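K.L.:
take a look and give me a structure for this.
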Amino acid sequence: MNRQRGMPARWVVALMICLTATATSSMAMAQRADDAAARRLALREAVELALRNNRNVRLAETTVARAAAEHEQARAIFRPQVLLGSGLAYTQGFPLSIEGSAPSIFQIGDSQALFDPNLRNRERQAKKMRAAAAQSLEDERDRIVAETVLAYLDLDRNRRSLEYLQGQSRSLEATAELMEQRVEAGLEPALETTRAQLGAARGLNALTALENEIGMLEFRLRDLTGITQEQRIETQMSEIPMLTEGQSVGEMATQALNNNPGLLALAEQVRAKQFQVRSEQGSRWPRVNLVGQYGLFSDHNNFSDFFQRFSRNNVTVGVSIVVPIYERERYNARLSKAEAELEEARLREQEGRAAVAGQVRAMWGAVRQQDSGREVARLELELAREALNGVLEQYEAGRLNRLQLERARVEENRAWISLFEADYQLERARLELLRITGQLRAALL
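P.N.:
Predicted coordinates for the structure are as follows:
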């Protein structure tokens with residue numbers, strides 16, 4: 001009888017060890033590659049990147065640049081405007097004018113506003129609109145900083161919560177298995193199996209939802225900071241700085257009314273509308289402009305045939321005075337429109353100030369409430385941990401079963417998650433209060 005010989009056992013063991021080592025090495029290399037690809041991002045660095053790369057901030061910067069250019073354009077009217085022109089023309093008969101000037105080899109013209117209340121106030125209005133755009137830029141920067149910090153803190157909080165939610169889900173699944181065994185043994189009613197399975201399903205659903213939220217928060221943080229979407233971000237545990245000790249809610253409200261960039265922008269808009277009204281009122285005043293012109297003529301244009309004396313060099317320097325006589329209907333319509341826009345700007349400023357004062361008081365109360373809520377969550381966690389330690393001692397002593405142990409673990413994991421949520425809500429309230437009072441970037445950068 002022929003006996004088939006297989007591979008020696010020691011070779012099989014050696015092969016399995018080699019395969020296991022290779023797989024372990026591959027997993028370690030993959031983990032190291034993933035860690036190398038991940039970007040360790042501190043909170044301050046995230047804020048700096050958002051201020052430098054965010055699209056909304058850059059868009060607000062272009063608005064400031066456009067307002068600055070409009071101000072320069074309005075101010076240029078009161079500076080000399082010198083133009084040089086030349087051309088070629090054929091003259092038959094009397095030398096007619098070309099664009100309001102006699103035919104010339106070349107011509108230099110100068111114009112400059114000397115006294116024009118209408119244009120001067122328009123220049124001042126453009127200056128205030130430039131200041132309003134600059135304050136709006138600061139408000140947008142604060143908004144993006146707050147949004148970036150919230151996304152960062154929420155991402156870090158959810159990642160820390162994920163570990164405990166995974167532990168909670170495992171305990172709920174173990175509870176469902178143990179309950180099924182107890183029902184089969186006749187120790188519990190059949191309803192308890194369904195209740196335990198429902199708890200496990202809810203735990204798995206919460207875990208899936210948290211994983212999805214982490215993915216979206218990481219996407220949002222990359223988008224805010226300008227980091228490529230392919231790069232993974234690693235966060236660090238961070239805290240929002242405490243507010244100035246000893247400040248009352250009234251002092252905080254006053255600080256917000258004086259420093260809030262949004263309110264400062266509204267105030268600049270009101271001043272701009274005031275100059276618009278003055279501009280319309282100034283349109284009834286005389287306007288004085290400085291004018292000058294030099295032209296080099298050529299006799300080929302028949303000047304000597306139609307004029308007694310021909311001169312090649314011709315200069316005109318003087319002032320132009322325009323006095324409005326009658327434009328009552330047009331003036332009243334423009335002035336009424338400007339006054340209505342001024343009143344609208346004032347009402348918006350008043351509404352903004354009232355809203356900011358209310359937000360300060362609301363967030364001041366929210367900080368106090370969230371601070372006390374965090375203390376409640378801390379004590380609940382401490383109680384859950386002590387209860388778990390007590391259950392564990394009794395379980396090891398054989399006085400409690402594993403079902404009671406898993407339930408205690410579920411409560412401890414739930415307490416950890418509640419503490420992380422309380423921390424986040426407290427930091428969020430502090431962040432909003434700093435933003436409203438204009439202290440946000442000073443506290444973070």
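K.L.:
just the helices in the stretch 101-250 of the chain please.
P.N.:
Taking DSSP state H, counting those that start in this stretch to define them, one finds helices in the stretch 101-250 of the chain at 117-184, 191-225, 249-259.
K.L.:
quick one: which of these is nearest Pro324?
P.N.:
helix 117-184 (9.7 Å; C-beta to C-beta). From N, CA and C alone the C-beta is placed, and that goes for glycine too.
K.L.:
got phi/psi on the nearest residue to Arg222 once chain neighbours are set aside?
P.N.:
Closest residue in space to Arg222, ignoring its immediate chain neighbours: Gln229 at 5.5 Å, by C-beta to C-beta, 6 or more residues apart in numbering. Per-residue torsions, Gln229: phi -70, psi -20 (degrees, to the nearest 10).
K.L.:
check contacts around Gln229.
P.N.:
219, 222-223 (C-beta atoms under 8 Å, 6 or more residues apart in numbering).
K.L.:
buried deepest among the helices of the stretch 101-250 of the chain, which one?
P.N.:
Of all these, helix 117-184 has the most neighbours on average by mean count of other C-beta atoms under 10 Å, namely a mean of 20.
K.L.:
quick one: that helix to chain centroid distance?
P.N.:
10 Å (C-alpha atoms, centre = their mean, to the nearest Å).
K.L.:
give the other helices and strands that that helix contacts.
P.N.:
Helix 117-184 sits against helix 43-53, helix 55-75, helix 191-225, helix 261-282, helix 402-436, helix 440-444, with contacts defined as 3 or more C-beta pairs under 8 Å, 6 or more residues apart in numbering; DSSP states H and E.
K.L.:
can you redo those as a markdown table with distance to Glu344?
P.N.:
Conversion of the helices and strands packed on helix 117-184 to a markdown table gives the following (distance: least, C-beta to C-beta, whole Å):
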| stretch | distance to Glu344 |
| --- | --- |
| helix 43-53 | 32 |
| helix 55-75 | 20 |
| helix 191-225 | 33 |
| helix 261-282 | 8 |
| helix 402-436 | 24 |
| helix 440-444 | 29 |
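K.L.:
export the ones you listed as TSV, with columns for distance to Val322 and mean pLDDT.
P.N.:
Putting the helices and strands packed on helix 117-184 into TSV (distance: least, C-beta to C-beta, whole Å; pLDDT from 0 to 100) gives the following:
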stretch	distance to Val322	mean pLDDT
helix 43-53	49	92
helix 55-75	19	93
helix 191-225	54	91
helix 261-282	13	93
helix 402-436	50	91
helix 440-444	50	85
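K.L.:
out of those, which is closest to Gln168?
P.N.:
Among these, helix 402-436 sits nearest to Gln168 (C-beta to C-beta), with 3.8 Å.
K.L.:
now that closest one: buried residues?
P.N.:
Of all the residues in helix 402-436, those buried under the rule 16 or more other C-beta atoms under 10 Å are 403, 405-436.
K.L.:
beta partners for Ser101?
P.N.:
Ile98 (DSSP bridges).
K.L.:
quick one: it and Val319, what's the gap?
P.N.:
Noted for Ser101: a distance of 19 Å to Val319, by C-beta to C-beta, to the nearest Å.
K.L.:
gap between the residue positioned nearest the centre of the chain and Ala415?
P.N.:
Centroid-nearest residue in the chain: Ile144, 1.9 Å away (criterion: C-alpha atoms, centre = their mean). To Ala415, Ile144 is 35 Å away according to C-beta to C-beta.
K.L.:
quick one: low-confidence ranges for this structure?
P.N.:
Along the chain, the parts satisfying pLDDT under 70 run over 1-37, 87, 99, 243-246.
K.L.:
ok, the nearest residue to Gln255 once chain neighbours are set aside to Leu431 distance?
P.N.:
Excluding its sequence neighbours, the residue lying closest to Gln255 (C-beta to C-beta, 6+ apart) is Thr437, at 4.9 Å. Distance, Thr437 to Leu431, using C-beta to C-beta: 11 Å.
K.L.:
ditto for Ala253
P.N.:
18 Å.
K.L.:
wait, what's in contact with Glu70?
P.N.:
Counting by C-beta under 8 Å, 6+ apart, Glu70 has contacts 126, 129-130.
K.L.:
now it: how far from Glu230?
P.N.:
Glu70 is 41 Å from Glu230, by C-beta to C-beta.
K.L.:
kindly report the same for Ser169.
P.N.:
29 Å.
K.L.:
contact partners for Gln274?
P.N.:
Taking C-beta under 8 Å, 6+ apart as the test, what Gln274 contacts is Leu342.
K.L.:
try 6 Å this time
P.N.:
By C-beta atoms under 6 Å, 6 or more residues apart in numbering, no residues touch Gln274.
K.L.:
fine by me, thanks again.
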